[in-house]
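**Student:** Quick one: sequence plus predicted model below, questions after.
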Amino acid sequence: MNPFIRTVLAILAGMIAGILVMNVIQGSSPYHPPPGVDYTSGDKAYSQWVRDMPSAAWQYIVASLLAGAFVSGFVTNKIAPPNNYPPLIAGFVILFFGIVQYMGFSNPAWVAYTSCVGCIFLAWVGGQLARVRWRRG
């Protein structure tokens with residue numbers, strides 16, 4: 001298979017795997033919006049709920065982003081010919097999902113900093129781990 005096509009498919013597979021991990025972790029979180037609160041229409045009740053979220057809820061969110069980035073980097077480099085940039089692309093996409101989902105609302109500063117640095121770094125670490133495994137067979 002053409003290495004470019006294989007790399008693109010690997011990045012897509014990594015993104016899908018990372019998003020699935022994020023959704024599983026976030027789905028297991030005990031912190032959910034109250035029933036009847038609509039987050040798609042800019043409901044003020046949802047914005048208030050986000051502002052009042054405890055630190056533990058933000059920790060679930062950051063943990064899901066970091067785990068998703070790690071898995072996306074690992075899966076990407078497990079499929080693609082080993083390289084440094086495909087896992088970073090997959091990690092950036094996971095970070096983008098975090099920005100779209102949660103950083104549009106007011107949140108503690110540590111959430112943004114940890115997500116930005118951690119997603120890229122852990123995607124790279126996951127890719128490097130897959131790269132070592134890939135060489136072994």
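**Tutor:** Right, received. Where do you want to start? Just so it is clear, the structure is predicted and the values come from calculations on it, not from any experiment.
**Student:** pLDDT value on the closest residue to Pro87 other than its chain neighbours, please?
**Tutor:** Excluding the flanking residues, the one nearest Pro87 by CB to CB, 6 or more residues apart in numbering is Gly127, at 2.8 Å. C-beta coordinates here come from the backbone N, C-alpha and C atoms, glycine included. With respect to pLDDT, Gly127 has a value of 90.
**Student:** How far off centre is the biggest helix by length in the chain?
**Tutor:** Counting residues, the longest helix in the chain under DSSP state H turns out to be helix 109-136. Between the centre of helix 109-136 and the centre of its chain there are 10 Å (CA atoms, centre = their mean, to the nearest Å).
**Student:** Then stretch 57-65?
**Tutor:** For stretch 57-65, the distance to the chain centre is 10 Å (CA atoms, centre = their mean).
**Student:** likewise stretch 80-99?
**Tutor:** For stretch 80-99, the distance to the chain centre is 9 Å (CA atoms, centre = their mean).
**Student:** residues of the helix or strand bottoming out on mean pLDDT in the chain that come out buried?
**Tutor:** The weakest-scoring helix or strand in the chain, judged by mean pLDDT, DSSP states H and E, is helix 44-51 (a mean of 79). Residues of helix 44-51 classed as buried: 46, 49-50 (neighbour count, 16 or more other CB atoms under 10 Å).
**Student:** thinking again about what came up before, who's in contact with the residue nearest to Pro87?
**Tutor:** Taking CB atoms under 8 Å, 6 or more residues apart in numbering, we find Gly127 in contact with 73-74, 76-77, 82, 84, 86-88.
**Student:** Show me just the buried residues among these.
**Tutor:** Among the contacts of Gly127, those buried by neighbour count (16+ other CB under 10 Å) are 73-74, 76-77, 82, 86-88.
**Student:** Could you export these to CSV, including columns for secondary structure?
**Tutor:** Listed next are those as CSV, based on DSSP: H, G, I helix; E, B strand; the rest coil:
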residue, secondary structure
Gly73, helix
Phe74, helix
Thr76, helix
Asn77, helix
Pro82, coil
Pro86, helix
Pro87, helix
Leu88, helix
